[in-house]
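Asks: predicted model and sequence follow; I will ask about them next.
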Amino acid sequence: MEKEREQSDLIHIGEVLMHQPRSSTEPASGDTVSEFDCEICRDGHFVHPVVNGKSNYSEVVPCVCVRDQLAKQKAQRMLQMCELPEATEHMTFEKWKPRAELAEVYDAALALAEGRSQGGLTFMSDTNRGKTHLLIAVCRHWLALGVPARYAYVPLLLEELRRGFGQEGANSYEKRFDFFKNVPLLALDDLGTEHSTPWVQEKLDTIIDYRLMHGLPLVVTTNLTMDEMAFRIRSRLQRGGKIIYIDAPEYSVEGNDG
């Protein structure tokens, strides 16, 4: 019934712009059979919205017949843009293996994923303690909500920026750098594994500082201790968010969970 009401509020573009006559055949029963799969848009897939009972001919919106398909296509594009590593499909909150000593880590990641906390979240530990699992789980939760997120293994992020030199358009250094600063959620995996140079430290410091100053969520994992981390980056992470040191035995659900 709700879908029928929704469909009754839409006017197909063909009637308004093209005045395309309907083509039908008359079966023995006398019922009209249309050549169109969708009578609302006449297979045009877009319609004029109706606002307060009046058709707004200056705009078009997807017809109800393609909304599910368009939603799936959007989800696929966002997943590709996020660039999650292969073989990480199991890294979700649902697949997390509960352990008492990791309860704080899990709760902090879920709070950020659900929007109950703001700013930055940094997980510090040795390898194989579950921090990458939770970082990717946050990304997948955002994508499921229809919000863009970007995963970045830190050394490859810097290599991506370098490739932008000399290029134009969306692949230029400026566009790539601006993207990492402003994407709704940025997940930096393995901070500290990059080859440190003044240029590298400046770029990382700028991205982290910009995001935290503008209240844009940032999730970071690192094997470094606080003393090993660059001073400017350490001070920004401490000032702009929550830092959790994971002191627990190795964690694994399937393979290496970081």
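Replies: Good, I have the coordinates.
Asks: so how far is residue 165 from residue 159?
Replies: Distance, residue 159 to residue 165, using C-beta to C-beta, to the nearest Å: 11 Å. For glycine as for every other residue, the C-beta is placed from the backbone atoms N, C-alpha and C.
Asks: show me where the stretch 151-258 of the chain has strands.
Replies: Per DSSP state E, counting those that start in this stretch, the stretch 151-258 of the chain carries strands over the ranges 186-191, 218-222, 241-245.
Asks: now do the longest one, average pLDDT.
Replies: For strand 186-191, mean pLDDT is 97.
Asks: contact partners for the nearest residue to residue 38 once chain neighbours are set aside?
Replies: Closest residue to residue 38 apart from its sequence neighbours, by C-beta to C-beta, 6 or more residues apart in numbering: residue 65 at 4.1 Å. Going by C-beta atoms under 8 Å, 6 or more residues apart in numbering, residue 65 touches 37-38, 40-41, 45.
Asks: quick check on these: which are buried?
Replies: Among those, the ones that count as buried by 16 or more other C-beta atoms under 10 Å are 38, 40-41, 45.
Asks: mind giving me the domain ranges of the protein?
Replies: Taking automatic domain parsing as the domain assignment, the ranges for the chain are 2-65, 75-245.
Asks: possible to save those domains as JSON lines with distance to residue 251?
Replies: Below are the domains of the chain laid out as JSON lines (distance: least, C-beta to C-beta, whole Å):
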{"stretch": "domain 2-65", "distance to residue 251": "43"}
{"stretch": "domain 75-245", "distance to residue 251": "4"}
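Asks: and among these, the most buried is which?
Replies: Comparing those by mean neighbour count (mean count of other C-beta atoms under 10 Å), domain 75-245 comes out on top with a mean of 17.
Asks: now find how far off-centre that one is within its chain.
Replies: Taking C-alpha atoms, centre = their mean, to the nearest Å, one finds domain 75-245 lying 12 Å from the centre of the chain it belongs to.
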